[in-house]
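Q: My questions concern the predicted model and sequence given below.
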Amino acid sequence: MKEFDDFNFSVEKYTKDLTRECVGGSDLQQRKKEIEAYNETTAATLKQTCKKNYMEFIQTAKEISHLESEMYQLSHILIEQRNILATMTDGKTSSHLKAESLEAESSTAAEEVENSHATRAVKEMVQGFNGNLEGKTFLNEGALIELDGNDYRPIQRVFFFLFNDVLIVCKVKHDKRLDFLTEYDPKKIAVINIKDLDGVKNAINIITPDGSKIYQSITAAGKTEWIEKLEEAFRFDQQKKPKKGQAPQPPTRAKQQSKSTTPEKETTPQSPGEPKSLEDETPEWLSTASEEIQTLVAQRHFEDAQELIKRTQDFMRNESRKKVPLADAIESKVKQQELKLINVLLKELSNSHNRNLQIALRAAKRPLKILVEMGRYRQASATLLKVCAVSLRVAQREARRNNADISELFFCDLTQVACDFLTAFEQQPACVSALVVWCNAELQYFASQLIKHYLTKGTSLESVAKCVERVRKPSTKLTEIGLDISYHLEGLLRTTLESLIEESKERLLDSVGRTEESWQPYNLQTKSNLKRLLLELDVLGIDVRAQATGDTWINLTQSTVVFIRHFLQLTEYCGCLAKCETLLQSLELLLKELFIAQHSLKPPSDMAVDPNFVMKNKIFLVDNLLPIAIDKFRQISGRQCEGLRELHTKMSRQQGAPLPRQRSVYTTDVF
């Protein structure tokens, strides 16, 4: 089998060599088995290799996620180190500061003009931005492309305005106008340079409190400029601090000045350590809780962030709150971080939709659980149902394209959503009403698609019955979890089904009597044809062997035999549809009028026909076909067909005995 691995392998050459080497069909069969075994082995190896590569890909993705978290943590550490170093360098000599202040004064006028132009441009061009830009220093602006973090696929065009303490992110609309998206503090974001790859070049990774985002610049120079400008915005306060006014005074001098200017503060150091004791009563974890929550959210450790929020809230509720001097400020910051966490979780939940509903529900479990624990039931339930609606409708469209059974898929998915929803919100009965409303909305959409694609005008009654039956069976699954939508579904389809039944009735009545009838016994030409017909009628529930004469004859007309078969099939379809009581009257009327139309057929007046034979066909329809149809309808639908029963009673009374055939009587005058 090594020939298959050769790069220059030729199928034609291999086939010719194989037929030349093998003698007889047995050798070829043996070679065929060997090739099939090699094919199965290769397929299994490929499958294992693919699985192995996929597992390695998942592991690599996890490692990248951990590295990204560590990089963000390292960025925070570096920020703290920079702040410490900047504080240490604040005590430099004033002579150096004076030299720098002269340089700052020379560029102040130009900066003010540039800042005013940038501020005016943002107010005029950006829709939805209401921030205050007064007193801010403009650093840079430009267009970038936001990329997907997984496959680097372009998502949207964005435009950045960078000031000293705010980064404004705008979306570029189709009419080239700017729509405000969000804003960030440059000191709370980290910029990572991404190495150029085959598919992506000139990209940077900006780690924000909302998560990691990748942006692509048009040129390499633009990428470098953005990295430098963002770094400059990060260090802006440390750079500008020496240029603005006098340097900070030494601590000893500051204390002396405060004592001389504010006599009220003289009592503070003399108090028996009250501020110090209050500070000591504040736990260290509580004083840094807000920053820690922000870091945990940025690293996507949502459970830890929620636990820390709960711990802080529990601490603030008990008596220990009185011993914390900055309790209100800490509580306010933690409340803001809680709202940010809720927004991040809701966004995470809304982005969990997928073509596959199972994957979407799996992805939604983590944020959903945290939101429920935080008491955000209504927001979580509404967002989850929106995600499920998207996945449900995408699955329906794909099933229609692939000619799959959409009803089975829809109700299975609906059941799964309902089960997961009730499990997630088990302790919140008020959310069940939202599920019921959502199920009704999805059922209306499903019914509209069913009418649009499957119950169109001109659809045969057979197709209608099969379609409705395929919908009714899986819909009963929801009753197992206490959600009965069958009645609502029947109401949505009722008008369409009634119009289709009426249309089928007109079409069937119009077809009765169109074919020419010779009013002679039916000759099937061969024994096999007769046998096949008798078996078909047996399957439908009627036995006509008593009417068979000879090898190929049936003592009924051809139209009667065809009608028997058609009427029993139609009874089955009507029985399926009549399981809904609202359609029972229309279906009874269809069967009744169709039977009357066939029963009232008469031979033309100019045709010589045996009246006994005509009467025999009618008697067979009333005495044999009608009772079987009534019983079949009852067995399938579970309801009595009162219209056919009344018709059977009426026709049984009306039909009389067969007319005797006129015979010639011999007469003579001889006594």
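A: It's in. Numbering: from 1, shown residues only.

Q: before we move on, what SS does residue 135 have?
A: coil (DSSP: H, G, I helix; E, B strand; the rest coil).

Q: Likewise for the one 5 residues further on?
A: The local conformation at residue 140, judged by three-state DSSP, is strand.

Q: for residue 8, same thing?
A: For residue 8, the assignment made with three-state DSSP gives coil.

Q: Equivalent analysis for residue 191, please.
A: strand.

Q: Residue 519 now?
A: With three-state DSSP as the criterion, residue 519 reads coil.

Q: What's the mean pLDDT across the one helix or strand residue 20 maps to?
A: Here residue 20 sits within helix 11-21, counting by DSSP states H and E. For helix 11-21, mean pLDDT rounds to 78.

Q: quick check: angle from whatever helix or strand comes next after it to helix 11-21?
A: Next along the chain after helix 11-21, taking DSSP H and E as the criterion, comes helix 24-88. Counting by axes from the mean of the first three to the mean of the last three CA atoms, to 10 degrees, helix 24-88 points 140 degrees away from the direction of helix 11-21.

Q: Now do helix 24-88: which elements does it pack against?
A: helix 11-21, strand 190-193, strand 203-208, helix 236-240, helix 289-298 (3 or more CB pairs under 8 Å, 6 or more residues apart in numbering; DSSP states H and E). C-beta coordinates here come from the backbone N, C-alpha and C atoms, glycine included.

Q: who wins for proximity to residue 648 among these?
A: Closest approach to residue 648 among the helices and strands packed on helix 24-88 is made by helix 11-21 (70.2 Å; CB to CB).

Q: List the buried residues for the closest one?
A: Within helix 11-21, no residue is scored as buried using 16 or more other CB atoms under 10 Å.

Q: Could you do stretch 510-529 as well?
A: For stretch 510-529, a neighbour-count test (16+ other CB under 10 Å) marks 512, 517, 519, 521, 522, 524 as buried.

Q: For that stretch, the averaged confidence score.
A: For stretch 510-529, mean pLDDT rounds to 82.

Q: Kindly export it (C-alpha atoms) in CSV.
A: Below are the C-alpha coordinates for stretch 510-529, written out as CSV (Å, rounded to 0.1, in the frame of the first residue of the first chain):
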residue,chain,number,x,y,z
ASP,A,510,-64.7,18.7,-9.7
SER,A,511,-62.8,15.5,-10.5
VAL,A,512,-65.8,13.2,-9.8
GLY,A,513,-67.4,11.9,-13.0
ARG,A,514,-64.8,13.4,-15.4
THR,A,515,-63.6,10.1,-16.7
GLU,A,516,-65.8,8.2,-19.1
GLU,A,517,-67.5,5.2,-17.5
SER,A,518,-68.5,2.2,-19.5
TRP,A,519,-70.6,0.8,-16.6
GLN,A,520,-69.2,-2.6,-17.2
PRO,A,521,-67.3,-5.0,-14.8
TYR,A,522,-63.6,-4.0,-14.3
ASN,A,523,-61.2,-6.1,-16.3
LEU,A,524,-57.6,-6.0,-14.9
GLN,A,525,-56.1,-8.0,-17.8
THR,A,526,-53.9,-10.3,-15.7
LYS,A,527,-54.0,-12.4,-12.5
SER,A,528,-51.1,-10.4,-11.0
ASN,A,529,-52.9,-7.1,-11.5
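
Q: following the helix or strand containing residue 168, which helix or strand shows up next?
A: Following DSSP H and E, one finds residue 168 within strand 167-172. Next along the chain after strand 167-172, taking DSSP H and E as the criterion, comes strand 178-184.

Q: Now do that next one: which elements does it pack against?
A: Using 3+ CB pairs under 8 Å, 6+ apart: strand 178-184 touches strand 126-127, strand 167-172.

Q: Quick check: the gap between residue 541 and residue 628.
A: Look at residue 541 and residue 628: by CB to CB, to the nearest Å, they are 5 Å apart.

Q: which residues are common contacts for these two?
A: Residues touching both residue 541 and residue 628 by CB atoms under 8 Å, 6 or more residues apart in numbering: residue 568.

Q: If you count surrounding residues, which of these two has more?
A: residue 628 (17 against 14; other CB atoms under 10 Å).

Q: Hmm, the more buried one is touching residue 544, no?
A: No - applying CB atoms under 8 Å as the test, residue 628 and residue 544 come out as separate, 11.0 Å apart.

Q: rewinding a little: any chance of the helices and strands packed on strand 178-184 in TSV, plus mean neighbour count, mean pLDDT and distance to residue 69?
A: Shown next, in TSV, are the helices and strands packed on strand 178-184 (neighbours: other CB atoms under 10 Å; pLDDT from 0 to 100; distance: least, CB to CB, whole Å):
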stretch	mean neighbour count	mean pLDDT	distance to residue 69
strand 126-127	16	86	33
strand 167-172	20	90	22
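
Q: Nearest to residue 391 among the ones you listed would be which one?
A: When the helices and strands packed on strand 178-184 are compared (using CB to CB), the closest one is strand 167-172, at 25.9 Å.

Q: now the angle from the closest one to strand 178-184?
A: Going by the same axes, to 10 degrees, strand 167-172 makes 150 degrees with strand 178-184.

Q: if we can go back for a sec, let's have the helices and strands packed on strand 178-184 in TSV, adding distance to residue 506.
A: Converted to TSV, the helices and strands packed on strand 178-184 look like this (distance: least, CB to CB, whole Å):
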stretch	distance to residue 506
strand 126-127	59
strand 167-172	57
